[in-house]
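J.: For reference, the sequence and a predicted model appear below.
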Amino acid sequence: MKLLPIYKKAIIGTISILLLILFIYTASSKLLDLRLFELRLGRMPYIEPYAPFLSWSLPLLELVIAGLLLFPKLRIIGLYVSGILLTHFTIYIIAVLKFSDDIPCSCGGVLSALGWDDHIVFNAICMALVLTAIVLNKKQHKTSNV
Amino acid sequence: MKTSFLKIVLPAFAIIMAVGLAFATEDSNSSYVGYIGTPSGVQQIQTDCPNSGENLCFEGIYQVYNNPELTDPKLKRF
């Protein structure tokens, strides 16, 4: 299926805005109560020793990604980094569900309404969106270079 | 005009909305008080379990209760 460049640009822009909202929302939720986030990370299997470092570096990374998505010239880097972050998070959730007996109560923010299985589906949708934006961006560059 | 809307107004609106949402859902992000029975006695702890749902809440190996008498088990959704 061939999409006009203007539609490709619009789809990439929409996906970037959706990811921007997601990352700013999750970063803000964590920063609003950093101590509680550190407490929660401290209960998570495998990453417990890194909780103090992760408690501030994760929201910082999310804000950096949001910043990258904001500027069209840096957007592609933001998309790649968000794809990597989402992949790592999804692998971690799958590992926790498969290999750990101790699964903490819930995750923060409005996403606490989701169970871990639902969270994997949510992450998969976000990863699919990131992949779509990256592929469309590549096609757009190929078209503009021809 | 259209370009400035897409490049400035829309991202700014998205950022404000995301931060606003974070504040609006701050309550669901908060922790709750619970009690656990340890070998050294009953301890008050902070837990994520909202006491709604069907599953028993655990903090490590210890079951979490709503009261210090450890008679009312705290529940969680998942």
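T.: Okay, I see it.
J.: What is the longest helix that chain B contains packed up against?
T.: As assigned by DSSP state H, the longest helix anywhere in chain B is helix B:10-24. Applying 3 or more CB pairs under 8 Å, 6 or more residues apart in numbering or on different chains; DSSP states H and E, one finds that helix B:10-24 makes contact with helix A:5-32. The C-beta positions use only the backbone N, C-alpha and C, and glycine is treated the same way.
J.: chain center to the helix it packs on, what's the gap?
T.: Distance of helix A:5-32 from the chain centroid (CA atoms, centre = their mean, to the nearest Å) equals 10 Å.
J.: Does the helix or strand that it is followed by reach chain B?
T.: Sequence-wise, the next helix or strand downstream of helix A:5-32 (DSSP states H and E) is helix A:34-43. Yes - Helix A:34-43 comes into contact with chain B (CB under 8 Å from any CB of the partner chain), by way of A:36, A:39, A:40, A:43.
J.: So the spatially most central residue of chain A: helix, strand or coil?
T.: The residue lying closest to the centre of chain A (CA atoms, centre = their mean) is residue A:86, at 4.4 Å. The three-state label given to residue A:86 by DSSP: H, G, I helix; E, B strand; the rest coil is helix.
J.: swap in residue B:67?
T.: Classification of residue B:67 using three-state DSSP returns coil.
J.: For it, grab phi and psi.
T.: With angles defined as degrees, to the nearest 10, residue B:67 sits at phi -130, psi 160.
J.: burial count for it?
T.: 12 (other CB atoms under 10 Å in any protein chain shown).
J.: My read is that it contacts residue B:35, right?
T.: Yes - assessed by CB atoms under 8 Å, residue B:67 is found in contact with residue B:35 at 6.4 Å.
J.: Let me know the angle separating the helix or strand hosting residue A:129 from helix A:5-32.
T.: Assigned by DSSP H and E, residue A:129 belongs to helix A:116-145. In terms of direction (axes from the mean of the first three to the mean of the last three CA atoms, to 10 degrees), helix A:116-145 departs from helix A:5-32 by 140 degrees.
J.: Can you tell me which helices and strands helix A:116-145 packs against?
T.: When contacts are defined as 3+ CB pairs under 8 Å, 6+ apart, helix A:116-145 packs onto helix A:5-32, helix A:75-99.
J.: Identify whichever of the ones you listed lies nearest to chain B.
T.: Set against chain B and scored by CB to the nearest CB, the helices and strands packed on helix A:116-145 come closest in helix A:5-32, at 3.4 Å.
J.: What average pLDDT does that closest one get?
T.: The pLDDT scores in helix A:5-32 average 90.
J.: Give me the helices and strands touching that helix, please.
T.: When contacts are defined as 3+ CB pairs under 8 Å, 6+ apart, helix A:5-32 packs onto helix A:51-70, helix A:75-99, helix A:116-145, helix B:10-24.
J.: what number of residues lie near residue 57?
T.: Here I'm looking at chain A. Neighbours of residue A:57 under the rule other CB under 10 Å: 11.
J.: Chain B is the one I meant
T.: Count around residue B:57 with other CB under 10 Å applied: 24.
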